[in-house]
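>>> What follows is a predicted structure for the sequence shown.
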Amino acid sequence: MSFRCIPATKDPVATLAYNPWTLAIEPFQVSPQTWYVAGQTWVGCYLIDTGDGLILIDTAIPESLYLLVNSITSLGYSPKDIKKILISHAHFDHCGGARAMKELTGAELYMSKEDTEFMEQCPEETVVLDPDSHPQMFTVDRYYSEDEPITLGNITIHTVLTPGHTIGCTSFFWTETNPVTGAEYKIAMHGGVGANTMNDGYYAASRYLTPALRERFLADAEKMKAIPVDIALPSHPNQIEITDRAGTYSHANQPYLDSTVWADFIEERVRQVKALMDK
C-alpha cells in the first residue's frame, strides 16, 4: 500500500443527516485486531479487539451512530463489549456521538485535558459547528497521559499530544501481532491534521486557538515522521485512502502494511498547511 490522499467528501454533514446511506460502508479489517467500523466514509472510527474487551476510537456524529452500532454488531460484537472509548479531539465530527456511545456501552471515555477545556469553553468551535448535526455534550472520565499508556487485554496504546488542528489533538500508537506469521506491526492514528483550523482566517475568528498551534504542528512534524509506523490509519479515510481495499484483509494478505505511508502522510499535511500560509 502506497500513500494516496483523495478529495474530501462534499457536504458530509448534510449527507449523513438526510441521506446517510449514500456514504454507508460495511466494516472491514485493517490489521490483526482492528476494524474500521464507522459505517460511513467521512470520519474514521476504529474497533480494537484486545482479547479482554474492545476499544473504540472516535464516534463520528450522532446522525451516523446507527451505522457505527450496526458495524459493531455485524462483526459479532455487542456494544457492551466496549470498555474504553478514546476521542482523538473535540470536534463534533469525531465526538458528536460520544455521549450516546458512552451511555450505550458503559465504557470509560477518554479525551485530552486540553481539548476537554476547549470544548467546555468554546462549544461554538468544537461541538456546535453545523446546524444539520445535533451532538450532545459529554463527560470525560479520564485524561490522556503520555506517561501512562492505556492497556486493555493484550493491547497497550501510547498517546501523544499532537496539537495543531485543535489544542488537544491526541495521536494513538500501539502494536499488534499477526497470529499466523508472528510478525509485529506498529499501528498509528494521528489525532487530527485538518489545515482548516491552521490558517490566519481561522485564528482571526477563534476565541481560543492561536498561530502558536500551527507553529507547534510544523515543529512536531519531523518528530512525528520519525516514529516507525507499519500501518497508518486515517482519522478521515480520504486523508489516507483505505476504503479502496475494504474487505481484502487476511492475516496472510496485509493490504495496509507499508512503512512509508506514515511519513508521506505527515509530509502532505505539512505541505497543505504551508500552502495556506503562503496564501
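Thanks, I have it. Numbering: from 1, shown residues only.

>>> Wait, D93 touches E63, no?
No - assessed by Cβ atoms under 8 Å, D93 is found out of contact with E63, at 10.4 Å. Glycine gets a C-beta too; all of them are placed from N, C-alpha and C.

>>> can you list residues touching both of the two?
Shared contacts of D93 and E63 (Cβ atoms under 8 Å, 6 or more residues apart in numbering): 13, 133.

>>> what about those two, which has more around it?
Taking other Cβ atoms under 10 Å, D93 and E63 do not tie; D93 has more neighbours (26 against 21).

>>> can you pull the contacts of the more buried one?
D93 sits next to 12-13, 42-43, 60-61, 133 when contact means Cβ under 8 Å, 6+ apart.

>>> and which of those residues is nearest to H190?
Closest approach between the contacts of D93 and H190, by Cβ to Cβ: V43, at 13.5 Å.

>>> Is the closest one within a helix or a strand, and which one?
For V43, there is no host helix or strand (DSSP states H and E).

>>> Name the nearest residue to it, sequence neighbours excluded.
Distance criterion Cβ to Cβ, 6 or more residues apart in numbering; nearest residue to V43, sequence neighbours excluded, is A60 at 4.3 Å.

>>> Count the neighbours of the one you found for me.
Count around A60 with other Cβ under 10 Å applied: 29.

>>> again, but for P131
P131 has 9 neighbouring residues, counting by other Cβ under 10 Å.

>>> same question, N178
Neighbours around N178, by other Cβ under 10 Å: 16.

>>> mind pulling up the phi and psi values for the nearest residue to Y18 once chain neighbours are set aside?
The shortest distance from Y18 to any non-neighbouring residue, by Cβ to Cβ, 6+ apart, is to D132 (7.5 Å). D132 has phi and psi values of phi -90, psi -10 when expressed as degrees, to the nearest 10.

>>> same thing with S145?
The phi/psi pair for S145 (degrees, to the nearest 10) is phi -140, psi 130.

>>> list the contacts for it?
T159.

>>> ok, so what distance separates it from H91?
22 Å (Cβ to Cβ, to the nearest Å).

>>> The residue nearest to Y18 and A14, how far apart?
5 Å.

>>> The closest residue to D81 other than its chain neighbours: neighbouring residues, count only.
Excluding the flanking residues, the one nearest D81 by Cβ to Cβ, 6+ apart is L54, at 4.8 Å. For L54, the neighbour count with other Cβ under 10 Å is 28.

>>> Over to C95?
29.

>>> Is it in contact with I87, as I believe?
Yes - C95 is within contact range of I87, at 4.7 Å (criterion: Cβ under 8 Å).

>>> and for these two, which residues touch both?
In contact with both C95 and I87: 58-59, 111, using Cβ under 8 Å, 6+ apart.

>>> low pLDDT regions in the stretch 1-150 of the chain?
Residues of the stretch 1-150 of the chain meeting the criterion pLDDT under 70: 1.
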